[in-house]
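Novice: Sequence plus predicted model, see below.
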Amino acid sequence: MTDYRNFSLFTELFGILHFLTLIADGQRLLSPLVRRHGGHVLKWEADSLFAWFDGAKGARAAIDAAVAMNRALARRNSGLPEAEQLRLCCGVGYGPVFRFGREAFGAQVNRAAKLGEDLAGEEQIFATDEAVAAAGSGFQWHPRKIVRFKAFKFPWRELKWTV
């Protein structure tokens, strides 16, 4: 689950057509990166990307894809004015999910959405503890945190990475 930072603010400041053009540009750049990392784009919903990564290596692939997408946007953004830049906020979950067409349902979907849409800032990649465990070694993580989400809470971590 990804979300562009400041979508609502930039829409107010520069108009919806300006930002829809940027979203289309981002879709053309990011969708192939999801596929290149073994993922499937479930859907783009406004400024949010919902992607699915299959199998036991799905969490690792999702995290690798999140890093690749952020790096691709950093290259794209270089030299552009702030109003033309796209920056991602990413949330990654791992676990049982029910898929129906281009929709996905389950606790991990809800958690990834909470992390990506509500908690992560620009160029941050947050993952549930389940995703961190499934991704295995090779990543560095900030200390564990707990977030309250409606009636329950869950642990998560932020990936340490650089552009």
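Specialist: Thanks, I have the structure now. Numbers count the residues shown, from 1 in each chain.
Novice: Tell me which residues touch the residue lying closest to L159 once chain neighbours are set aside, please.
Specialist: Closest residue to L159 apart from its sequence neighbours, by C-beta to C-beta, 6 or more residues apart in numbering: I125 at 4.2 Å. All C-beta atoms are positioned from the backbone trio N, CA, C, and that covers glycine. I125 is in contact with 63, 66-67, 70, 90, 92, 158-159, 161, counting by C-beta atoms under 8 Å, 6 or more residues apart in numbering.
Novice: which residues does I125 form a beta bridge with?
Specialist: Beta-bridge pairing for I125 (DSSP bridges): C90.
Novice: just how off-centre is the lengthiest strand in the chain within its chain?
Specialist: Across the chain, the longest stretch assigned as strand under DSSP state E is strand 152-160. Remark: strand 152-160 is offset 14 Å from the chain centroid, using C-alpha atoms, centre = their mean, to the nearest Å.
Novice: Give me the buried stretch members for it, please.
Specialist: Of all the residues in strand 152-160, those buried under the rule 16 or more other C-beta atoms under 10 Å are 154, 156-159.
Novice: and which of those residues is nearest L13?
Specialist: Nearest to L13 out of those is E158 (C-beta to C-beta; 28.3 Å).
Novice: Now do the closest one, the pLDDT please.
Specialist: The model reports E158 with a pLDDT of 98.
Novice: Distance check, it against E117.
Specialist: According to C-beta to C-beta, to the nearest Å, E158 stands 15 Å off from E117.
Novice: can you check L13 too?
Specialist: From L13 to E117 the distance is 20 Å (C-beta to C-beta).
Novice: So the two - more neighbours on which side?
Specialist: Each of L13 and E117 has its neighbours counted (other C-beta atoms under 10 Å); E117 has more, 16 against 11.
Novice: residues in contact with that one?
Specialist: With C-beta under 8 Å, 6+ apart, E117 has these contacts: 1, 3, 48, 89, 91.
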